[in-house]
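Q: make a model of this:
(one chain, ligands or ions: 2)
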Amino acid sequence: MAILPILTVPNPVLKQVSKPVEVVDDALRALMDDMLETMYDAPGIGLAAIQVGVAKQVIVMDLARENEEKEPRFFVNPQILSSNDERVEGEEGCLSVPDVFDIVERPSKVRLRYLDYNGVQVEEEAEGLYAVCIQHEMDHLKGVLFIDYLSRLKRDRAVTRVKKLVRG
Ligand code: GNR
Ligand code: NI
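A: Ligands and ions are numbered 1, 2, ... in the order given. Here you go, the predicted structure:
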């Protein structure tokens, strides 16, 4: 297991579109294990492979609170089958845009299909924080960041702030 460096804006790699995974094998599980360790270390509740520079459709997530038992989730080649017409506003942050938080509006529920850690296909409904997080992560797979939904002024300010933060 290893903690991998997390890319931050304005790294152009974050804009890349991730490719579907062909097989869920031990090499992919090793990547997912490293991503999970990296996410816990950050700490964050989700991480897409592109955030560690790998353009594959892979996401890890754990929505358990600090005092709860860990509940790691793994998503390979996730698809949104349908989403609710209802929209909810939630405050989002991103490990690739550290220290920036803002409100994003998204569908309140989504129906998902993905392969799990063992390559088994799963279909399920996500709502609440799960729905917000999976949509945030799936945006990463398309090269989209939550700041892309903000005004240009807010986005530019966010990038400037992160550049300064990262330089120290
Ligand atoms: O840790 C994270 N928290 C978070 C909070 C609200 C909405 C989405 C997220 S995901 C984020 C980690 C991250 O950047 N994943 O891509
Ligand atoms: Ni993110």
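Q: which bits of the protein sit near ligand 1?
A: The chain comes close to ligand 1 at residues 44-48, 51, 92-96, 132-133, 136-137, 140, as judged by Cβ under 6 Å from any ligand atom. For the C-beta atoms, the positions are set from N, CA and C on the backbone; glycine is no exception.
Q: from those, keep the buried residues only.
A: Taking 16 or more other Cβ atoms under 10 Å as the criterion, what is buried in those is 44-48, 51, 92, 94-96, 132-133, 136-137, 140.
Q: mind checking which of those land in strands?
A: 46-48, 92, 94 (DSSP state E).
Q: mind checking which helix or strand Ala64 is in?
A: Using DSSP states H and E, Ala64 sits in no helix or strand.
Q: contacting residues for it?
A: Contact analysis of Ala64 by Cβ atoms under 8 Å, 6 or more residues apart in numbering lists 70-71.
Q: for it, give its distance to Gly46.
A: Distance of Ala64 to Gly46, computed by Cβ to Cβ, to the nearest Å: 12 Å.
Q: which residues are in contact with Phe101?
A: 91-93.
Q: how about this protein: which residue is closest to ligand 1?
A: As assessed by Cβ to the nearest ligand atom, ligand 1 sits closest to Gly44 within the chain, at 3.0 Å.
Q: how about the residue lying closest to Met138 once chain neighbours are set aside, what does it touch?
A: What sits nearest to Met138 in space, not counting adjacent residues and going by Cβ to Cβ, 6 or more residues apart in numbering, is Pro78, at 5.8 Å. Counting by Cβ under 8 Å, 6+ apart, Pro78 makes contact with 57, 59, 112-114, 134, 137-138, 141.
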